[in-house]
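K.L.:
below is the sequence, then the predicted model.
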Amino acid sequence: MTTWFLSDLHLRDSFERNGYTLLRFLFELNKNPSQNRLILLGDIFDVWVSDWSVYSKKFQLIVDEIVKLKKGGGEVLYFEGNHDVHLGKFWTEKYGIPVYQAGQSFDFEGLKFRVEHGDYINPEDTAYFKWLAAMRGPFLTFLAHHVPGNFWDWLAEKYTKKFTSRKRYRYTPEHAEKIRSLIRTYAEKSFAENKFDLMVTGHMHVFDDYEFKAGGQNARSINLGTWLDKPRVLKIENKKVEVVEL
């Protein structure tokens, strides 16, 4: 089975360029679905809250292909980001696709993986940690499932400029080296806690491929960056690790 990782597409609809790119990619996987494992590392959609139909209708073509992959015998895992949240009611309850909020360890084809969105890569971002805890807390979880999706869509649109400005500040090329340093430090810390062959993350919007050695063992960390920069996926087949640009 071939394992594929995608992260941080931030799709706003199915018909933008990256929406079409994702669809073409999913069409290829669905030519032989049982041979593919798809791991979505969060922020696939720029906004998706709970199971509201405003999102499933907006991204219906993409949803159909993901579900087709699952029903065809493929495996799909979804890690929530900070833009696509409280997704279990949609992906898990409707289609049996596991949804994770925290990082997980897996053994795939003889390799040990550590997989997560990347929320905790920057230990200095305490404001984000507080926001993340509130968003996943009982009060906002209740609101996410009971306040209609049109409200969340409106709210996201209202604050798009503010969020975009913050994102640009954090992820500009001038900050790329600092961000790579954070990614690598986090990878080494995570390895010390629970050894892996490969750690795959997103969230930071800077692509980084880092190999290191600790305790006599080789390890590798790949942060997939963002499709806002370049559409890329990570392919693992027969223990071969390959970054593929679409």
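P.N.:
Now that the structure is in, tell me what you want to look at. Here the structure is a predicted model, which means the values were calculated and not measured. Numbers count the residues shown, from 1 in each chain.
K.L.:
contacts only, for the closest residue to residue 96 other than its chain neighbours.
P.N.:
Using Cβ to Cβ, 6 or more residues apart in numbering and skipping residues adjacent in sequence, the residue nearest residue 96 is residue 70, 6.8 Å away. C-beta here means a position set from N, CA and C on the backbone, and glycine is covered the same way. Residues in contact with residue 70 (Cβ atoms under 8 Å, 6 or more residues apart in numbering) are 33, 76, 95-97.
K.L.:
let me know the closest of those residues to residue 60.
P.N.:
Taking Cβ to Cβ as the measure, residue 60 lies nearest residue 95 of the contacts of residue 70, at 13.4 Å.
K.L.:
okay, that closest one: pLDDT?
P.N.:
Note for residue 95: predicted pLDDT of 97.
K.L.:
hmm, residue 69 and it touching each other?
P.N.:
No - counting by Cβ atoms under 8 Å, residue 95 does not reach residue 69; the two are 10.3 Å apart.
K.L.:
which one's more surrounded, these two?
P.N.:
Ranked by neighbour count (other Cβ atoms under 10 Å), residue 95 and residue 69 place residue 69 first, with 21 against 14.
K.L.:
element containing the residue nearest to residue 96, please.
P.N.:
Using DSSP states H and E, the element containing residue 70 is helix 60-71.
K.L.:
which positions within that helix qualify as buried?
P.N.:
Within helix 60-71, the residues that count as buried by 16 or more other Cβ atoms under 10 Å are 62-63, 65-67, 69-70.
K.L.:
next one: stretch 41-57
P.N.:
Along stretch 41-57, these residues count as buried under the neighbour rule (16+ other Cβ under 10 Å): 41-52, 54-56.
K.L.:
count the neighbours of the residue nearest to residue 42 when sequence neighbours are not counted for me.
P.N.:
Once flanking residues are discounted, residue 42 sits nearest to residue 81: 2.6 Å by Cβ to Cβ, 6+ apart. Around residue 81 there are 26 other residues, counting by other Cβ under 10 Å.
K.L.:
can you tell me how far residue 81 is from residue 68?
P.N.:
Going from residue 81 to residue 68 by Cβ to Cβ, to the nearest Å gives 23 Å.
K.L.:
same question for residue 124.
P.N.:
Separation of residue 124 from residue 68 (Cβ to Cβ): 42 Å.
K.L.:
next SSE after the helix or strand of the chain with the lowest mean pLDDT?
P.N.:
Among the helices and strands of the chain, helix 160-171 carries the lowest confidence by mean pLDDT, DSSP states H and E, at a mean of 49. Beyond helix 160-171 in the direction of the C-terminus, DSSP H and E gives the next helix or strand as helix 176-193.
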